[in-house]
Every structure is written in structure tokens, then in C-alpha cells.
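Trainee: give me a model of this one.
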Amino acid sequence: MAHWNWLFDQARPAFSQQRSVERARTLGLSALTCLGRHTLSGLLCAAGQQFRDWSAAYRLFERERLDGDALWRVPLGGVLDALPSTSPVVALIDDTLLRKRGRHIAGTSWRRDPLGPHFTDNFIWASRFLQISLALPEHPEAAISAARAIPVDLLHAPSPPEASTTSTSNSSLRCAGSLPAGGERQLSLLIVRPIAYRLRKRAPLSYRNPAYLISTDPSLSPQQILQTYLWRWEVELNFRDEKTLLGFGQPQVRSDPAVRTTATFFVFAYALLLLALENSHLAHSPLPRPRWQRLRHKRPHSRITTPQAISLLRADLWASALGLQNKNGFAAPDPCATKPFLIENHLQSAVLYASG
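Mentor: Residues are numbered from 1 along each chain as shown. This is a model prediction of the structure:
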């Protein structure tokens, strides 16, 4: 909690007024700890402000009282400061779709569903966002290391208007089609050979298609190229966390400024959570693991996941309200009775371990 607040204080230049800073801080913490739908009204209920004037929270995003570019300077600077001076900066770029229902929401259109079956094209009404994340390795000095992706920018990327075909000359099209793919640059091609596998015992060997990785820097070793490609999966984990845990895209706003600023703010709060987790240098979750989560011998302490980080944040926020003196030892052993009649004593575990 202290690390998150310290990072949020660095975003003070992004707001024009101090009261906007405090209102945004409250909404940011509510976005991370809300147990229900992550609409703006849901965030106000999570902060205990459901009986106050709610229009100020909507005006914060509708009238763009926060500067998105200034917000992203905080996680960007945090990642660059954490990386050694000799380590390369690996940027992970990908787009994602947010399903919508309203036909008057800015930037929405019909798009192909990437989760549809491969034998047909399904179309969904959605908005499109482009996200840039930087890879923060767990061991920057090691040749092979796991990494966590920290979002450093988010762009609303609706479909551009169709260009007129009459304005494009045939000569320019012929010139564009005659170029090679890399131009005058030297490229290196890395072919990743697939591993043979069997669908069942005594079945014939099957192979998947090889992967082709193109690098514009011929000086990189094959290990560096392959490691960077494997880190790319982290941006997909960012999208999963943002949609399933933070309710990315759930705020019910329609205008273009509100759509852009709410999406930016939600992902910014998520980026500060990941960066605060890295700055805390926690080897494992301080909360005791449930009985069904067994540790593997090869990896005795796996990295803290986003649901666990949110649980730790909830513990810091709600420990005093729940009357907890020691956050790490709140879980008491169950009594001998197999069927307890009362569940009041289990409220602490239900709240602190909630991941929805």
C-alpha cells in the first residue's frame, strides 16, 4: 500500500487540482479492490461514497481532468529505473478488443472475433485498444530469466476512415509492391524447430509448424531473440488481468474523452500495482496459502500473481476495519466440529482471499 501511494504521488502533475488527485486516488484503489462490477458507481460503492454526489467522478473523466501522457511517465520511469544500464529495453505491443453493447459508444465498430472458431469469421461489436508494456526481468543480469510486463501506455485505436481509392495513383502502388520486406536493412531469421509429440501411445509422431522470428538487429544472439519472444506472452497476461480482475471496459461511458480516460486510468492503476509489487521485493505471498495450493519442489516459491497482489492490497486497506492486529496470522485453525453453524469467524478469510 505504501509503495502504491508513493507511486501515485509522483503522478500529481497529471492533475490540475489537488481534489482531483484525491478523488482519482480513491477511485484507483477502488478499481483494484472492488468485489463487484467495476463500473464508476461500483467504485463509489466500494469507497463508501454511494450516498454522496456521484457526478464529480464522471466529470473527472468526461472533462479530461487528468493528463494521460503525464500518468504514463510514472510507470515508464519506474521500469527504466529498475533496469540496469546495460540491459536492453524490451517493449511488448499488442491490441485487444472490448465487447460493447451500445451503438453510440465512441470508437466502437464491428470487428472479427479473435476467439471465434478457425473455420469461420465471427463479428462482435467492440472497441479496440493498443497497449505497450515493458518487460521487467526478475534477474536482469542473467541470460535466461522470467519477466513481468508493466503497462506503460494505452491508446484508443478505433478504425480509421476508409481512404479514397481515386486519390492513390497506380504508380505509387507499383513502387510500394516492388520493395523487398526489409529494404536496405540486414535482417536475421531464427527458425524454431517444433518438438515431435504423440497424441496417444503408439501413435505416429506429429509435428507442429515451425516458428519464424525476424530480427532487425543481427548482433543479437539466438538466445536473446528467443527469450524476448517468450516474454511477449506477458502482455496477454496483462489483458487477462485487466479484463477479468480489474473490469477493464466495464465503466458505462459513451463519449470519446470518457472512453479514453477511463481506460487509461484503469490500466494505469493496474500498472502501479505491478510496479509496487516489484518494488516491495516479496519472494512469496505473506498470506498463508490454502491447503489445496501445493508448492512444487523445483519451484518452492513461485512469483506473486495479480490476484494475490490484490489480496495483499485488500489486507492493507481493510485490516484495521476487520480488527486485525497481525495481517500475516489472521487465519485461525478450524474447530473440531465438521459442520459449524456460524460463519462470522470466516469473514476475514472470505474478504482477504477474494480474487473476483
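
Trainee: any idea how far residue 281 is from residue 209?
Mentor: Counting by C-beta to C-beta, to the nearest Å, the gap from residue 209 to residue 281 is 41 Å. Every residue, glycine included, has its C-beta placed from N, CA and C.

Trainee: for residue 83, see how far away residue 148 is.
Mentor: For residue 148 relative to residue 83 (C-beta to C-beta), the value is 12 Å.

Trainee: neighbour count for those two, which is higher?
Mentor: residue 148 (22 against 17; other C-beta atoms under 10 Å).

Trainee: so what strands line up beside the helix or strand hosting that one?
Mentor: Applying DSSP states H and E as the criterion places residue 148 in strand 147-156. The strands that strand 147-156 pairs with in its sheet are strand 123-137 (antiparallel) (by DSSP bridges).

Trainee: roughly how far out does the strand it pairs with sit from the chain middle?
Mentor: From the chain centre to the centre of strand 123-137 is a distance of 9 Å (C-alpha atoms, centre = their mean, to the nearest Å).

Trainee: could you pull out the helices for the stretch 251-356 of the chain?
Mentor: With DSSP state H, counting those that start in this stretch as the definition, the stretch 251-356 of the chain shows helices at residue ranges 256-280, 306-318, 347-352.

Trainee: pull the helix or strand with minimum mean pLDDT from this structure.
Mentor: helix 170-178 (a mean of 44; mean pLDDT, DSSP states H and E).

Trainee: mind listing the strands the very next helix or strand once past that one pairs with, and their directions?
Mentor: Sequence order places strand 188-192 as the next helix or strand after helix 170-178, per DSSP H and E. According to DSSP bridges, strand 188-192 forms sheet pairs with strand 211-215 (antiparallel).

Trainee: which SS state does residue 217 fall under?
Mentor: With DSSP: H, G, I helix; E, B strand; the rest coil as the basis, residue 217 sits in coil.

Trainee: what's the burial count for the nearest residue in space to it that is not next to it in sequence?
Mentor: Residue nearest to residue 217 in three dimensions, not counting chain neighbours: residue 188, with 7.5 Å by C-beta to C-beta, 6 or more residues apart in numbering. Counted with other C-beta under 10 Å, residues neighbouring residue 188 total 15.

Trainee: rewinding a little: of the helices of the stretch 251-356 of the chain, which stretch is the most buried?
Mentor: Across those, averaging neighbours per residue (mean count of other C-beta atoms under 10 Å) puts helix 256-280 on top, at a mean of 22.

Trainee: give me the number of residues near the closest residue in space to residue 146 that isn't next to it in sequence?
Mentor: Closest residue to residue 146 apart from its sequence neighbours, by C-beta to C-beta, 6+ apart: residue 138 at 5.1 Å. By other C-beta under 10 Å, the residues close to residue 138 number 11.

Trainee: now swap in residue 143 and tell me
Mentor: By other C-beta under 10 Å, 9 other residues sit near residue 143.

Trainee: and what of residue 48?
Mentor: So residue 48, with other C-beta under 10 Å, has 10 neighbours.

Trainee: for the remainder of this discussion, apply numbering that starts at 2.
Mentor: Sure thing, new numbering starts at 2, so read that last one as residue 49.

Trainee: give me the element it is part of.
Mentor: Per DSSP H and E: residue 49 is located in neither a helix nor a strand.

Trainee: look up how far residue 30 lies from it.
Mentor: From residue 49 across to residue 30, the span is 12 Å (C-beta to C-beta).

Trainee: got the domain boundaries for the chain?
Mentor: Per automatic domain parsing, the structural domains of the chain span 3-162+185-281, 307-353.

Trainee: residue 290: which of those domains is closest?
Mentor: domain 307-353 (9.4 Å; C-beta to C-beta).

Trainee: let me see the mean pLDDT of stretch 111-124.
Mentor: Mean per-residue pLDDT for stretch 111-124: 89.

Trainee: give me the contacts around that stretch.
Mentor: The contact list for stretch 111-124 (C-beta atoms under 8 Å, 6 or more residues apart in numbering) reads 98, 125, 126, 127, 129.

Trainee: please name the bridge partners of the first one.
Mentor: Think residue 98. On the basis of DSSP bridges, residue 98 is bridged to residue 129.

Trainee: I'd guessed it sits against residue 132; true?
Mentor: No. Checked against C-beta atoms under 8 Å, the pair residue 98 and residue 132 is beyond contact range at 11.9 Å.

Trainee: pretty sure residue 64 contacts residue 258?
Mentor: Yes. With contact defined as C-beta under 8 Å, residue 64 reaches residue 258; the gap is 7.2 Å.

Trainee: hang on, residue 89 in a helix?
Mentor: No. Using three-state DSSP, the assignment for residue 89 is coil, not a helix.

Trainee: which residues sit in contact with it?
Mentor: Applying C-beta under 8 Å, 6+ apart, the residues near residue 89 are residue 225.

Trainee: so residue 248 versus residue 212, what's the distance?
Mentor: Taken as C-beta to C-beta, the span from residue 248 to residue 212 is 34 Å.

Trainee: of those two, which one has the most company?
Mentor: Between residue 248 and residue 212, counted using other C-beta under 10 Å, residue 248 has the larger neighbour count: 18 against 12.

Trainee: not counting residues beside it along the chain, what's closest to the more buried one?
Mentor: residue 39 (2.5 Å).

Trainee: tell me which element that neighbour falls in.
Mentor: If you go by DSSP H and E, residue 39 is not part of any helix or strand.

Trainee: how about the one 3 residues further on?
Mentor: Counting by DSSP H and E, the element that carries residue 42 is helix 41-47.
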